[in-house]
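S.K.: I'd like to go over a predicted model; first the sequence, then the structure.
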2 protein chains.
Amino acid sequence: MDVTDGLEVPQETLDAEIKSFFESAPPLKNGDDISEKLKEFIGRNSLPSGNGSARRVVCVTSGGTTVPLERRCVRYIDNFSSGHRGAASTEYFIKAGYAVIFLHRRGTCQPHCRSLPEDPLLECFEVTDEPNIRVRQSDSEAVKRAITEHHAAVAEGLLLKLPFTTIFEYLQMLQMIAISMRSLGAPAMFYLAAAVSDFYVPWRSMVEHKIQSASGPLDMRLVQVPKMLSVLRKDWAPMAFCISFKLETDKKILLEKADMALKKYKMHMVVANELLSRKEEVVVVTTNDKLSVHRDKTHVGNDVENPLIRLIVERHSAYLENPNL
Amino acid sequence: MDVTDGLEVPQETLDAEIKSFFESAPPLKNGDDISEKLKEFIGRNSLPSGNGSARRVVCVTSGGTTVPLERRCVRYIDNFSSGHRGAASTEYFIKAGYAVIFLHRRGTCQPHCRSLPEDPLLECFEVTDEPNIRVRQSDSEAVKRAITEHHAAVAEGLLLKLPFTTIFEYLQMLQMIAISMRSLGAPAMFYLAAAVSDFYVPWRSMVEHKIQSASGPLDMRLVQVPKMLSVLRKDWAPMAFCISFKLETDKKILLEKADMALKKYKMHMVVANELLSRKEEVVVVTTNDKLSVHRDKTHVGNDVENPLIRLIVERHSAYLENPNL
């Protein structure tokens, strides 16, 4: 989500834009089913756990949203994101004892599967004379660990996976999740790593049929997606600990924009990352400090999400002790 | 690929547009590797087979191409396509004895895997007390068949998989494949099922960094992708049997546009399909007839690609007997 550079949008204008966005959005196809799953998941995880305190619950958003350019969608604008950051972070949150709602773009990287090849079914398995299928020896450990850890997280009720494709689906689902998580108070966290579209074509002004290629160039006008971060903080889940992400390709403006997002949307942390170095280093911006977090390069399998989630969990603990700081 | 409605682009203009497209495209990262694979694959499959005649080779294109909107690509325009048609057709071509070059969008549906769930690794496998991983009983047959057939096709040298993402990669690779296949003559076929972008932002006029969301709407101007079908027919592989696809959401203009594509690009066949009914029915348009091809509804697992490929193989056989008809 991006910042309106320096220009403050008055609250009434923002409220009207948000209302118009949701009113114009096509209704979620499986809204009742999602609502049921959320109720069950949050109900289970809001019971006091072994040590008497409620379990922490984080909503991790991951992957990019699409903006349809036609109602019967053939063409759309997409935001590049492999979903690797969100998938890796989900694993570390589960290890740290969190329950995770993984709101992810359909088809992007899944938790526990990061180290596998692009098409694991065709690349890791072989058929032998035995009655069953066999994992190739070289992939055996990685595949086994992926399946074991993933199934354990789902079976223990610590992982709820909800897929989206369009910006309309994403924001409607984020609103549902946030309102469901409101009752959790400060143990709730939002870790908003998804690459969310800044511009969209309102459903009402969208053409019904495929855009025809005529002899000239194609001119398109897109309007800004209203910034939902402030309404998430203010109305949807006011006590939750909120972390947003800022991705830029231009290092020069990155920290300045992260700072603006922190203030404008009243985030607790903003993770600033630059496209080319994002797997090596991120800068965590808070009101009081800017901390550079690096991947531990002593081992090739180490990632930057490990120290990042460690830092975030520490800060969340401090917040739980004193939510008003 | 779409038709410039009624307006003929003069040959010199088209040549200049194509030259400009290729000159402006970022160079393929793994061009040498692709070239090597193509040489080996076509060399092997142009040797006379058991019955003394050369094997037929088809290039199946599948999935949608993307158009980057920024050089350090965060946002891009995408064309919706699951790749199901191309993957299914590839299976039937292999069964009919063809060697297939499967030029597909990275991450889309793969041959032999259509009947599996979206994430087969996490959905079909389980870890048991045994030392190995096991396919769930209910998925056992489907998974085993997928892996067996796929590996057999690759091992027998009948399937070469080449992935693309952007329109620049797609058209550069299609040109390389076509020029490599030229020597095969009439046994070569192009089955162009990919959803190819009609408009693009020329690399030279593309912004380097992520587009900033300012306070106003975003206006974009895209130019037409030059139509490569005519140059494929005329220069790249003049003897090959060529089939293109026409997808529309508006049934009223579909057949008319398919007819225009047939004439304008001198295709041997155009497969016309409408977005909502494309899995049930297609219309095959040739110079002499329009044939409606339906899925055989007596069995739920039947698809429209089965009778479609049967028809295409018959017509290709007739073409081989008399390429000048």
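M.R.: Happy to help now that I have it. Numbers count the residues shown, from 1 in each chain, chains lettered A, B, ... in the order given.
S.K.: just the helices in the stretch 101-250 of chain A please.
M.R.: Along the stretch 101-250 of chain A, counting by DSSP state H, counting those that start in this stretch, helices occupy A:120-124, A:140-155, A:167-181, A:229-231.
S.K.: can you give me the strands in the stretch 201-325 of chain A?
M.R.: Listed in chain order, the strands of the stretch 201-325 of chain A (DSSP state E, counting those that start in this stretch) span residues A:218-224, A:241-248, A:269-274, A:281-285, A:290-294.
S.K.: How about the contacts made by the closest residue to A:Lys279 other than its chain neighbours?
M.R.: Taking CB to CB, 6 or more residues apart in numbering or on different chains as the measure, A:Lys279 lies nearest to A:Val304, with 6.3 Å between them; neighbours along the chain are not counted. The way it works is simple: take the backbone N, C-alpha and C, and place the C-beta from them, glycine included. The neighbourhood of A:Val304, defined by CB atoms under 8 Å, 6 or more residues apart in numbering or on different chains, consists of A:278-282, A:293-295.
S.K.: rewinding a little: with mean pLDDT as added columns, please give the helices of the stretch 101-250 of chain A in CSV.
M.R.: Rendered in CSV, the data for the helices of the stretch 101-250 of chain A read as follows (pLDDT from 0 to 100):
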stretch, mean pLDDT
helix A:120-124, 77
helix A:140-155, 84
helix A:167-181, 97
helix A:229-231, 93
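S.K.: B:His299: which of those helices is closest?
M.R.: Nearest of those to B:His299, taken as CB to CB: helix A:120-124 at 24.9 Å.
S.K.: Name the helix or strand of chain A that has the lowest mean pLDDT.
M.R.: In chain A, the helix or strand scored least confidently by mean pLDDT, DSSP states H and E is strand A:125-127, which has a mean of 74.
S.K.: What are the contacting residues of that one?
M.R.: Contacting residues not belonging to strand A:125-127 are listed as A:133-136, B:143-144, B:147-148, B:151 [CB under 8 Å, 6+ apart].
S.K.: what's the spacing between the residue nearest the centre of chain A and A:Ile243?
M.R.: In chain A, the C-alpha nearest the mean C-alpha coordinate belongs to A:Thr61, at 1.3 Å (CA atoms, centre = their mean). Distance of A:Thr61 to A:Ile243, computed by CB to CB, to the nearest Å: 10 Å.
S.K.: A:Pro27 now?
M.R.: For A:Pro27, the distance to A:Ile243 equals 29 Å [CB to CB].
S.K.: the more surrounded of those two?
M.R.: For the pair A:Pro27 and A:Ile243, the greater number of neighbours falls to A:Ile243 (24 against 7), based on other CB atoms under 10 Å in any protein chain shown.
S.K.: pretty sure the more buried one is touching A:Val271, no?
M.R.: Yes: between A:Ile243 and A:Val271 there is a contact at 6.4 Å, judged by CB atoms under 8 Å.
S.K.: what about stretch A:78-87, how long is it end to end?
M.R.: Stretch A:78-87 has an end-to-end distance of 19 Å (CA to CA, to the nearest Å).
S.K.: got the contact list for it?
M.R.: Looking at stretch A:78-87 with CB under 8 Å, 6+ apart, the contacting residues turn out to be A:60-67, A:102, A:104-105, A:108-114, A:191, A:193-197, A:245, A:278-279, A:305, B:66, B:73-78.
S.K.: try 6 Å this time
M.R.: In this structure, residues lying in contact with stretch A:78-87 by CB atoms under 6 Å, 6 or more residues apart in numbering or on different chains are A:60, A:62-64, A:66, A:104, A:108-111, A:114, A:193, A:195, A:197, B:73-76, B:78.
S.K.: just stretch A:294-303 next, same as before
M.R.: By CB under 6 Å, 6+ apart, the list of residues contacting stretch A:294-303 from outside reads A:88, A:280-281, A:304.
S.K.: Format those residues as a markdown table; extra columns: pLDDT.
M.R.: Listed next are the contacts of stretch A:294-303 as a markdown table, based on pLDDT from 0 to 100:
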| residue | pLDDT |
| --- | --- |
| A:Ala88 | 96 |
| A:Glu280 | 94 |
| A:Glu281 | 95 |
| A:Val304 | 96 |
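S.K.: And those, which is closest to B:Arg55?
M.R.: Top of the list for closeness to B:Arg55, among the contacts of stretch A:294-303 and by CB to CB, is A:Ala88 at 45.3 Å.
S.K.: so that closest one makes contact with A:Glu305?
M.R.: Yes: with contact taken as CB atoms under 6 Å, A:Ala88 and A:Glu305 are classed as touching, separated by 4.0 Å.
S.K.: that older thread, which among the contacts of stretch A:294-303 end up buried?
M.R.: The neighbour-count test (16 or more other CB atoms under 10 Å in any protein chain shown) marks A:88, A:304 as buried among the contacts of stretch A:294-303.
S.K.: Taking the contacts of stretch A:294-303, tell me the two that lie furthest apart.
M.R.: For those, the maximum inter-member distance is 14.7 Å, found between A:Ala88 and A:Glu281 (CB to CB).
S.K.: okay, A:Asn107: pLDDT?
M.R.: You called it Asn, but residue A:107 is Gly. A:Gly107 is assigned 86 on the pLDDT scale.
S.K.: now do A:Glu8
M.R.: According to the per-residue confidence, A:Glu8 scores 63 in pLDDT.
S.K.: Same question for the one 10 residues further on.
M.R.: Looking at A:Ile18, its pLDDT reads 90.
S.K.: what's the burial count for it?
M.R.: Using other CB under 10 Å, A:Ile18 has 19 other residues around it.
S.K.: now it: how far from A:Leu171?
M.R.: With distances taken as CB to CB, A:Ile18 is found 9 Å from A:Leu171.
S.K.: Same question for A:Arg310.
M.R.: Shown here: A:Arg310 relative to A:Leu171, a distance of 30 Å by CB to CB.
S.K.: Please identify which of the two sits among more neighbours.
M.R.: Comparing A:Arg310 with A:Leu171 by other CB under 10 Å, the one with more neighbours is A:Leu171, at 23 against 13.
S.K.: if I pick that one, what's in contact with it?
M.R.: Contacts for A:Leu171 (CB under 6 Å, 6+ apart) come out as A:Met228.
S.K.: what helix or strand does the residue nearest to the centre of chain A sit in?
M.R.: strand A:57-62 (DSSP states H and E).
S.K.: low pLDDT regions in the stretch 201-325 of chain A?
M.R.: A:210-215, A:325 (pLDDT under 70).
S.K.: and the helix or strand hosting A:Ser20, what other elements does it pack with?
M.R.: When secondary structure is defined using DSSP H and E, the element that contains A:Ser20 is helix A:11-24. Contacts defined by 3 or more CB pairs under 6 Å, 6 or more residues apart in numbering or on different chains; DSSP states H and E place helix A:11-24 against no helix or strand at all.
S.K.: So which residues make contact with it?
M.R.: The set of residues external to helix A:11-24 that reach it, using CB under 6 Å, 6+ apart, is A:202-204, A:226.
S.K.: now swap in stretch A:89-109 and tell me
M.R.: Taking CB under 6 Å, 6+ apart as the rule, stretch A:89-109 contacts A:45, A:55-64, A:82-84, A:87, A:111, A:153, A:158-163, A:165, A:173, A:177, A:305, A:309, A:313.
S.K.: Tell me the buried residues within those residues.
M.R.: Taking 16+ other CB under 10 Å as the criterion, what is buried in the contacts of stretch A:89-109 is A:45, A:55-64, A:83-84, A:87, A:111, A:153, A:158-162, A:165, A:173, A:177, A:305, A:309, A:313.
S.K.: dump the residue contacts of the spatially closest residue to the residue nearest to the centre of chain A that is not a sequence neighbour.
M.R.: With sequence-adjacent residues excluded and distances taken as CB to CB, 6+ apart, A:Thr61 is closest to A:Ala194, at 3.7 Å. Taking CB under 6 Å, 6+ apart as the contact definition, A:Ala194 lies against A:61-63.
S.K.: The same query, at a cut-off of 7 Å, please.
M.R.: Taking CB atoms under 7 Å, 6 or more residues apart in numbering or on different chains as the contact definition, A:Ala194 lies against A:61-65, A:170.
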